[in-house]
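In: Need a 3D model of the sequence below.
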Amino acid sequence: MPSSKRMKLSRRSFVKSVGALTAGAVAVGLATAGDAGTRGEVLAPPGAASSQQFAPRRDDGAAEALPANAFSIFWITDTQFLSEANPALFRMMTEWIARNWEKHQGKLVIHTGDLVQTGSDTVQWGNADEAMSILLNNSIPYTWCAGNHDDLSLNDSTSGWMGRRLATSLDPAAVGAMVNALPYAQWVGDYHDAMNTAMAFTAGGLKLLVINIEWSAEPDALAWAESILDNPLYADYRVILAPHAYIDSSGDLQQSQAEQIDTFTSGLTYLLTSYSRRVFLTLNGHFPTDCGYNTPSPVDGHNDLMFDRQDCTDGADEPTGRGADDQTSNDSDRIGGSTITILTFMPDDNKIAVKTFDLYKGGWRTGQTEQYLIDMFAYPVTTTSVHPVIGTASGTLPPLQS
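Out: A predicted model of the protein is given here:
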């Protein structure tokens, strides 16, 4: 993967200290297939329409016990056509996550942007809010970033967005309060009107930091992300960067929109190379694909995962389920965005198992880029971090509580 030799971003102090995290290490054995089992009542927002019109089939896969200390991150992305034309299906996605949360030992949901199709459409933001509020109301922590369709002016990250003002579920005050009430998690902060968000948590004996980064983020947004990475409070945390768009479905930086987001990709590449011993994973959406992409082995210390079925129609006459850029296809037919990727972390084995659930079809997807196993860390976990700016940092955080 190409490396950037651009000058280092100027550092700015955007992040406030949030205090030390304390959380319990988790040791459970859970089944991974099916959607039987519940987390308790799923709290749909008031006035939410019934989602039974889609009636996806229940998954009938065989149950599989997970190792002790295993935990999962649920990853969703590019739900714009659902907010536009299939809001009930979007709600069913988050309801499915809520029902399956404990079974997969869920710790976090990450949305990598394009919550809506048209950033100026208040109805679409209301639909997205109803779906994401199911997570909020069930105390399921999540982070998000703004995609190019979320921008008030399409593809213009400087135009801002309406998400924070129109959706309580995208208001850091509400989400941060929910996250901070959990024993294992801490809301780290947001930037650019919550178009970028960050959260830290502990699970399975690990300390993890997740930073979501908006479409074509300006240098100041990347400087915000860097300031978190430079904060001694998180010196011992392994990092997941989750931008809306960085690599395409071939794992290539030379995308169709490379010129438009060249400054951003160069800046993010700088962060990845400069913090290569801490950043171990990127999650990427934006580029429509039938399946996805993942690095077969770490590159510069990190794996890159890309997934986005936004345009897939899964029609009987389209066996590949692909409807990208097909102007004759109605957006209401594009239901591929109702796909949930589950990353199950197995710290004892240094592995991440990735599985993809197709909510509309009601089963697990089986392609080699939809179910796979990758190494978690290319470098060993240590309790002392060395950084060229902050130096050696040890003892800055309390030990995990048993």
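In: And the helix ranked longest in the chain, what's buried?
Out: In the chain, taking DSSP state H as the definition, the longest helix is helix 122-137. Buried positions in helix 122-137, judged by neighbour count with 16 or more other CB atoms under 10 Å: 124-137. Backbone N, C-alpha and C define where each C-beta goes, glycine included.
In: got the end-to-end distance for stretch 206-225?
Out: Start-to-end span of stretch 206-225 (CA to CA, to the nearest Å) is 21 Å.
In: coming back round to it: by contact count, what packs against the longest helix of the chain?
Out: Helices and strands touching helix 122-137, by 3 or more CB pairs under 8 Å, 6 or more residues apart in numbering; DSSP states H and E, are helix 80-85, helix 87-100, strand 142-144, helix 163-166, helix 172-180.
In: Identify whichever of those lies nearest to A198.
Out: For A198, the closest of these is strand 142-144, at 6.8 Å, according to CB to CB.
In: Direction included, what does the closest one pair up with?
Out: Taking DSSP bridges as the criterion, strand 142-144 forms sheet pairs with strand 106-111 (parallel).
In: The partner strand versus helix 122-137: what angle between them?
Out: Calculated by axes from the mean of the first three to the mean of the last three CA atoms, to 10 degrees, strand 106-111 forms an angle of 170 degrees with helix 122-137.
In: C-alpha coordinates for strand 106-111, CSV please?
Out: C-alpha atoms of strand 106-111 as CSV (Å, rounded to 0.1, in the frame of the first residue of the first chain):
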residue,chain,number,x,y,z
GLY,A,106,-21.3,-7.0,21.7
LYS,A,107,-19.3,-4.0,22.8
LEU,A,108,-19.7,-1.4,20.1
VAL,A,109,-21.6,-0.6,16.9
ILE,A,110,-19.7,1.4,14.2
HIS,A,111,-21.5,3.2,11.4
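In: So what touches that strand?
Out: Applying CB atoms under 8 Å, 6 or more residues apart in numbering, the external contacts of strand 106-111 come out as 71-77, 79, 97, 100, 132, 135, 140-145, 184-185, 199, 201, 203, 210, 212, 240, 242, 283.
In: circling back to that earlier point, state the mean pLDDT of the longest helix of the chain.
Out: Mean per-residue pLDDT for helix 122-137: 98.
In: How about residues contacting that helix?
Out: Applying CB under 8 Å, 6+ apart, the set of residues contacting helix 122-137 is 42-45, 48, 79-80, 82-84, 87, 90-91, 93-95, 97-98, 109, 111, 115-118, 141-142, 144, 162-163, 166-170, 174-175, 178.
In: can you put the buried residues of helix 122-137 in a markdown table and add distance to S274?
Out: Output for the buried residues of helix 122-137, formatted as a markdown table (distance: CB to CB, whole Å):
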| residue | distance to S274 |
| --- | --- |
| Q124 | 37 |
| W125 | 36 |
| G126 | 40 |
| N127 | 39 |
| A128 | 34 |
| D129 | 36 |
| E130 | 40 |
| A131 | 36 |
| M132 | 32 |
| S133 | 37 |
| I134 | 38 |
| L135 | 32 |
| L136 | 34 |
| N137 | 39 |
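In: Tell me how far C312 lies from L222.
Out: Between C312 and L222 the computed distance is 31 Å (CB to CB, to the nearest Å).
In: Kindly report the same for L281.
Out: From L281 over to L222 the distance is 18 Å, taken as CB to CB.
In: just N212 next, same as before
Out: 13 Å.
In: neighbour-wise, which of these two wins?
Out: A count of neighbours by other CB atoms under 10 Å puts N212 above the other of N212 and L222, at 27 against 23.
In: sec struct for S266, please.
Out: Assigned with DSSP: H, G, I helix; E, B strand; the rest coil, S266 falls in the helix class.
In: Quick check, pLDDT for the closest residue in space to P141 that isn't next to it in sequence.
Out: Nearest residue to P141, sequence neighbours excluded (CB to CB, 6 or more residues apart in numbering): V179, at 4.6 Å. We have a pLDDT of 98 for V179.
In: so what's V179 up against?
Out: 141, 185-187, 199.
In: Farthest pair within those residues?
Out: Across the contacts of V179 (CB to CB), the longest gap, 9.7 Å, separates P141 and Q186.
In: Report the set of residues contacting both of these two.
Out: 179, 199, 201.
In: which element is the last one on?
Out: The reference is to F201. Assigned by DSSP states H and E, F201 belongs to strand 196-203.
In: Can you list the strands that that strand pairs with?
Out: Applying DSSP bridges, strand 196-203 is found paired with strand 185-191 (antiparallel), strand 206-213 (antiparallel).
In: between the shortest one and helix 172-180, how big is the angle?
Out: With the same axes, to 10 degrees defining the directions, strand 185-191 sits at 160 degrees from helix 172-180.
In: mind saving the C-alpha coords of strand 185-191 as PDB?
Out: Presented in PDB, the C-alpha positions along strand 185-191 are these (Å, rounded to 0.1, in the frame of the first residue of the first chain):
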ATOM      1  CA  ALA A 185     -16.700   2.500  27.900                       C
ATOM      2  CA  GLN A 186     -15.900   6.200  27.700                       C
ATOM      3  CA  TRP A 187     -17.100   8.800  25.100                       C
ATOM      4  CA  VAL A 188     -13.900  10.500  23.900                       C
ATOM      5  CA  GLY A 189     -15.300  13.300  21.900                       C
ATOM      6  CA  ASP A 190     -16.500  14.600  18.500                       C
ATOM      7  CA  TYR A 191     -15.500  17.200  16.000                       C
END
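In: Name the residues of it that come out as buried.
Out: 185-191.
In: ok, back up a step: please identify which of the helices and strands packed on helix 122-137 is closest to L359.
Out: helix 87-100 (5.6 Å).
In: Can you name every helix or strand that that closest one contacts?
Out: Contacts defined by 3+ CB pairs under 8 Å, 6+ apart place helix 87-100 against strand 71-76, helix 80-85, strand 106-111, helix 122-137, strand 339-346.
In: now stretch 210-221, how far from the centre of its chain.
Out: Put simply, stretch 210-221 sits 13 Å off its chain's centre (CA atoms, centre = their mean, to the nearest Å).
In: Need the distance between the two termini of it.
Out: Stretch 210-221 has its terminal residues 15 Å apart, counting by CA to CA.
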